[in-house]
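Visitor: I'll drop the sequence and a predicted model, then ask my questions.
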4 protein chains.
Amino acid sequence: MERKEAILKAAIQLFAERGFHATATSEVAKRAGVAEGTVFHHFKTKEGILMYIFDEMMEAYIEGIETRVRNATNGIEAIEELIRFHFRFSEERSEEVSVVIRDFPYRLVELGSPFREVVAARLFRVMNLIMECIEQGQMDGSIRDLFPEETAFILQGMLNGLSRVKLLGPLKLPELSAQLVDFCCHGLARPE
Amino acid sequence: MERKEAILKAAIQLFAERGFHATATSEVAKRAGVAEGTVFHHFKTKEGILMYIFDEMMEAYIEGIETRVRNATNGIEAIEELIRFHFRFSEERSEEVSVVIRDFPYRLVELGSPFREVVAARLFRVMNLIMECIEQGQMDGSIRDLFPEETAFILQGMLNGLSRVKLLGPLKLPELSAQLVDFCCHGLARPE
Amino acid sequence: MERKEAILKAAIQLFAERGFHATATSEVAKRAGVAEGTVFHHFKTKEGILMYIFDEMMEAYIEGIETRVRNATNGIEAIEELIRFHFRFSEERSEEVSVVIRDFPYRLVELGSPFREVVAARLFRVMNLIMECIEQGQMDGSIRDLFPEETAFILQGMLNGLSRVKLLGPLKLPELSAQLVDFCCHGLARPE
Amino acid sequence: MERKEAILKAAIQLFAERGFHATATSEVAKRAGVAEGTVFHHFKTKEGILMYIFDEMMEAYIEGIETRVRNATNGIEAIEELIRFHFRFSEERSEEVSVVIRDFPYRLVELGSPFREVVAARLFRVMNLIMECIEQGQMDGSIRDLFPEETAFILQGMLNGLSRVKLLGPLKLPELSAQLVDFCCHGLARPE
DNA sequence: GATGAATGAGATTTCATTCAT
DNA sequence: GATGAATGAAATCTCATTCAT
C-alpha cells in the first residue's frame, strides 16, 4: 500500500502542476521512487490514476456536502454552508481539485469511456444535493419561487467555474467565499 | 487564405469533437484536404492553431459584449444583456466555444507560454467590462452595494462554468438563460 | 547490455559510412535489429550516441597515449611513440575514429551543448599530454628550445588533420607514420 | 547580382555560425532579405551554395599560394611563405574558411556527388603546389632528402588540422604562425 | 527574375503499456 | 509484488524543393 500511495501522491502533484497530458507515467514513477512497471501494477492504465484521484476526492466532497446539508436548519442556510464548504475544500485539497477541474471530468465522460457511468453518477449526485436544498428551502420558506433544477445547474456551474478560474487562471483572485454567499443569498432568498 | 480557413475549420471541428490532445495534426490536415506541411506553414505550431481560434473568438466575444453594454440604459440591464449575449454566442459558435472552454485557456496561460500575455489580456478585458457594468449600476442606482471586483469574478466564473457544464458535461441541460438572468438580477439588484 | 552494444556497433558503422547527419536513427535501429524506441531507451538522444562513441574512444586513446609516454626513455622518444600509437589506433579503430573526426567534436562543443565540458576536457587532456612530453624533452635535452604550448597545438592539429585527410579525403594516401616521425623529430629534436 | 551576393553572404555567416546542416535554406533567405524561392533561383540546391563558397574561396586560396611560391627565392622559403599565407588567409576570410573546414569538403567528395571531381581537383592542386616546393627545395639544396609526396600530405594535413582546431575548437589558441614556420623549417631544412 | 504558398517525405522523440525475470 | 528493458505506433515538426503567378 505504501507504494500505491506514493504513486498517487506523485501523480496528484504532477497532474496539478503540468496537467494530465503533459505528465508521463515515467515521471510519476520517478517522483514516486518506484519502477515504471509498478505504476501499472497498481493502476491498470494512466487514466485509471486520474479516475482514482477523481473518485477518492468526490467521495470526500459529497460526504462533506451531505454532512453540511444535513445539519443546516433550513434550505438557504444549507446552500450557504455548501458554498462555504466548497471553497474550504478547494483550498485544503487544492492539488486534487486542480487535477480534476483541469482535465476532468469531461474526458472520462466521453462516450466509450469505461468510467462514464461512475463519473456521471458522481456529478449527478452533487446536482441532486443542491436541488434538494432548494426544494427544501422552498418548503421551509427560505428560498423564493424558482425552478429547482435550473437553479441547481446554475449553482453547480458557478462553483466549478469559480474554482477553475481561481486555481488555474492567470488572474489572482481575492477571497470570494463571503461575497459569493452574499450574492447567492440575494439571488435565492425570498425577499422579506 | 482559402487553405488557411479550411485548416481552421477542420481544427475547430476536430478539437471540439475530440479535444485538442486527442486530435493529431495529421487528422486536421486530412480533413482540411491539405498536406501536413501546409498546416505548419500557416500556424507555426499545433498550439498556434488553438491560439488563433481563441483569439478570433475572443475578439468577437469582447466586441459583442462591448456593443451590448454600450447600448444598455443602466447597469443591471447591461449585465442582463451581457448574460443573454453570452448564451447566444455560446450557442451560435458552440464549436469554437467548446474548443476554448475545454482545453483552454489554462495551457496557454502557463508560465513560459508565448501566448500568456495575449491570453491574460483578453480574459482581463472581459473581467473589466463586467466590473464596469457593476460600477455603473451602482452609480445609476440599479445595482446594490457590493464589491465590484469580487462580483465581476463571480459572474465571469459562473458564465464560464455554466458553458463548460453545458457544452461538455454528461448531463443535458434545460435552457438556462432566462433563469440565470433572473437569478443574477435578484443577486445584484438593489431591492426596491 | 547485448542490445546496447548492437546499437552502438550499428551506429558506428553507419555514422562512419554516411556521416552522422545522413544516418537516421531508424536505420541504426534496423541494422542493430532492435525497435526504434530501444535506441532512445539506451541513449536519450541521437547526439547521445555520438557522445558515447566519442567518450569510449577517447578513453582508450588517452589511456594508450599515457602508457606509451610513461614507458618512453626521453621526451623525443615519447613523442615518437605517441605519433606511432596515433596512427596504429586510427587504423585499428578506423570506423570510430572516422565518426569522431568527421562530425566531431565541434558540434558537441558548441555553446549550449550538454556535452561541452566533457568533450573539452578530453581534448585538453590530449593537448596536455603532448605538452608534458615536450617539457620533459627539454629537461632531458632531447628536445630543443621551443614553446611547449604552441608546439603541442601544432602536433595535435597535425595528427587530427592527417587522420581527417587520410580517412575521409578523396586522395589515397601512402603510409605516413614513418615519414611523420622523421619530420617531427627533425622539427623538434635538438641538433647534435 | 545584388541578390545573389546577399544570399551568399547570409549563407556564409550562417553556415559558419551553426554549420551547414543546422542551417535551413529559409533562414538563409530571411537573413538575405529575399524570398525562399529566390535562393533556389540562384543556386539549384542547398549544396550548390556550399560548393560555390568552396570554389570561390579555393580559387583565391590557390592563387594566393601560387603567387607566394612563384616569388620565393628557394624551396624552403616558398614553404615558409605558403604557411604564412595560409594563416593570414584563414584569418582574413575566417567565416568562409570555417564553413569549408567544418562540413567540408568530405561531403562533396563522396561517391555520387556531382561535385566530386571539381573538389578533388582543387585539393589535389594544393597538394601539388606543396610538393613542387619541396622538390624545388631539394634541387636548390634548401630542403633535405625526404619523400616529397608524403611530406606534402603531412604539410597539407597539418595546415587543415590547425585551422580546424583554431576556428572551431573549444580551446583558445595562441598565435601559431611563427612557431609553425619554425617547426617546419627545422623539420624540412637541410641541416647545415 | 522574383515570390512564397504548398508540398510530403522523413526525422527525432515520446510514451503508455507489456512481460520475462 | 516489483522491476525496467523493450516495444512500436504515433505525434509534432522540419525542410529542401517546386511551381503557378
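Guide: Cool, got the structure.
Visitor: please count neighbours and contacts with C-alpha atoms only from this point.
Guide: Will do.
Visitor: show me the shaky parts of chain A.
Guide: Within chain A, the stretches falling below the threshold (pLDDT under 70) are A:1, A:104-107, A:111, A:192.
Visitor: please redo it, this time with the cut-off set to 90
Guide: Of all residues in chain A, those with pLDDT under 90 make up the ranges A:1-3, A:17-19, A:22, A:100-120, A:123, A:164-192.
Visitor: which parts of chain A are helices?
Guide: When assigned using DSSP state H, the helices of chain A occupy the ranges A:2-18, A:25-32, A:36-42, A:46-71, A:75-92, A:94-103, A:116-140, A:148-168, A:177-188.
Visitor: any residues touching the third one, and which ones?
Guide: Counting by Cα atoms under 8 Å, 6 or more residues apart in numbering or on different chains, the neighbours of helix A:36-42 from elsewhere in the structure are A:4, A:7, A:25, A:26, A:28, A:29, A:30, A:46.
Visitor: likewise for stretch A:115-125?
Guide: Residues from elsewhere that reach stretch A:115-125, judged by Cα under 8 Å, 6+ apart: A:51, A:55, A:58, A:62, A:105, A:108, A:109, A:110, B:170, B:171.
Visitor: chain B versus the closest residue to the fourth one other than its chain neighbours, what's the distance?
Guide: Sequence neighbours aside, residue A:126 is the residue nearest to residue A:62 in space, at 6.6 Å (criterion: Cα to Cα, 6 or more residues apart in numbering or on different chains). Relative to chain B, residue A:126 is positioned 12 Å away (Cα to the nearest Cα, to the nearest Å).
Visitor: if we can go back for a sec, for residue D:158, which of the helices of chain A is the nearest?
Guide: Shortest distance between residue D:158 and the helices of chain A, using Cα to Cα, is found for helix A:25-32: 49.5 Å.
Visitor: so is that closest one next to chain C?
Guide: No - applying Cα under 8 Å from any Cα of the partner chain, one finds that helix A:25-32 is not in contact with chain C, the shortest distance being 12.1 Å.
Visitor: identify each buried residue in that helix, please.
Guide: A:25, A:28, A:29, A:31, A:32 (16 or more other Cα atoms under 10 Å in any protein chain shown).
Visitor: any chance of those residues in CSV, with distance to DNA strand E too?
Guide: Shown next, in CSV, are the buried residues of helix A:25-32 (distance: Cα to the nearest atom of the strand, whole Å):
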residue, distance to DNA strand E
A:25, 3
A:28, 8
A:29, 9
A:31, 13
A:32, 14
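Visitor: rewinding a little: as JSON lines, the helices of chain A with distance to DNA strand F would be great.
Guide: JSON lines is the format used below for those (distance: least, Cα to the nearest atom of the strand, whole Å):
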{"stretch": "helix A:2-18", "distance to DNA strand F": "5"}
{"stretch": "helix A:25-32", "distance to DNA strand F": "8"}
{"stretch": "helix A:36-42", "distance to DNA strand F": "3"}
{"stretch": "helix A:46-71", "distance to DNA strand F": "14"}
{"stretch": "helix A:75-92", "distance to DNA strand F": "29"}
{"stretch": "helix A:94-103", "distance to DNA strand F": "17"}
{"stretch": "helix A:116-140", "distance to DNA strand F": "22"}
{"stretch": "helix A:148-168", "distance to DNA strand F": "22"}
{"stretch": "helix A:177-188", "distance to DNA strand F": "39"}
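Visitor: give me the buried subset of the contacts of stretch A:115-125.
Guide: Using 16+ other Cα under 10 Å as the burial test, the contacts of stretch A:115-125 include A:51, A:55, A:58, A:62, A:105, A:108, A:109, A:110, B:170 as buried.
Visitor: pick out the most distant pair among these.
Guide: With distance counted by Cα to Cα, no two of the buried ones among the contacts of stretch A:115-125 lie farther apart than A:62 and A:110, which are 22.3 Å apart.
Visitor: so what are the domain limits for chain A?
Guide: For chain A, the domain assignment from automatic domain parsing gives the residue ranges A:1-43, A:46-188.
Visitor: which of those sits most buried?
Guide: Among these, ranked by average contacts under mean count of other Cα atoms under 10 Å in any protein chain shown, first place goes to domain A:46-188 (a mean of 19).
Visitor: mind checking the end-to-end distance for that one?
Guide: Length of domain A:46-188, first residue to last, Cα to Cα, to the nearest Å: 42 Å.
Visitor: distance of residue A:127 relative to residue B:170?
Guide: Relative to residue B:170, residue A:127 is positioned 12 Å away (criterion: Cα to Cα).
Visitor: returning to that earlier point: out of the buried residues of helix A:25-32, which comes closest to chain D?
Guide: Nearest to chain D, judged by Cα to the nearest Cα, of those is residue A:25 at 32.5 Å.
Visitor: would you check that residue A:173 makes contact with residue A:166?
Guide: Yes - with contact defined as Cα atoms under 8 Å, residue A:173 and residue A:166 form a contacting pair (6.2 Å).
Visitor: could the buried ones among the contacts of stretch A:115-125 go into a markdown table alongside distance to residue C:21?
Guide: As requested, those are exported to a markdown table (distance: Cα to Cα, whole Å):
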| residue | distance to residue C:21 |
| --- | --- |
| A:51 | 44 |
| A:55 | 50 |
| A:58 | 53 |
| A:62 | 58 |
| A:105 | 45 |
| A:108 | 43 |
| A:109 | 46 |
| A:110 | 44 |
| B:170 | 51 |
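Visitor: quick one on the thing from earlier: make TSV out of the domains of chain A and add distance to residue D:11.
Guide: Output for the domains of chain A, formatted as TSV (distance: least, Cα to Cα, whole Å):
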stretch	distance to residue D:11
domain A:1-43	38
domain A:46-188	43
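Visitor: tell me which of these sits nearest to residue D:95.
Guide: Comparison of the domains of chain A against residue D:95 by Cα to Cα identifies domain A:1-43 as nearest, at 42.0 Å.
Visitor: mind checking how far the closest one is from the chain centre?
Guide: Distance, stretch centre to chain centre, for domain A:1-43: 21 Å (Cα atoms, centre = their mean, to the nearest Å).
Visitor: in chain A, what residue is nearest chain D?
Guide: Counting by Cα to the nearest Cα, chain A gets nearest to chain D through residue A:22 (28.1 Å).
Visitor: ok, now which ones touch that residue?
Guide: Taking Cα under 8 Å, 6+ apart as the contact definition, residue A:22 lies against residue A:15.
Visitor: how far away is it from residue B:117?
Guide: As defined by Cα to Cα, residue A:22 lies at a distance of 21 Å from residue B:117.
Visitor: kindly report the same for residue A:138.
Guide: Spatial separation of residue A:138 from residue B:117 under the definition Cα to Cα is 46 Å.
Visitor: interface residues of chain A facing DNA strand E?
Guide: For chain A, the residues in contact with DNA strand E (Cα under 7 Å from any atom of the strand) are A:21-26, A:36-37, A:40, A:44-47.
Visitor: can you rerun that using 10 Å?
Guide: Within chain A, the positions lying close to DNA strand E (Cα under 10 Å from any atom of the strand) are A:20-29, A:35-41, A:43-49.
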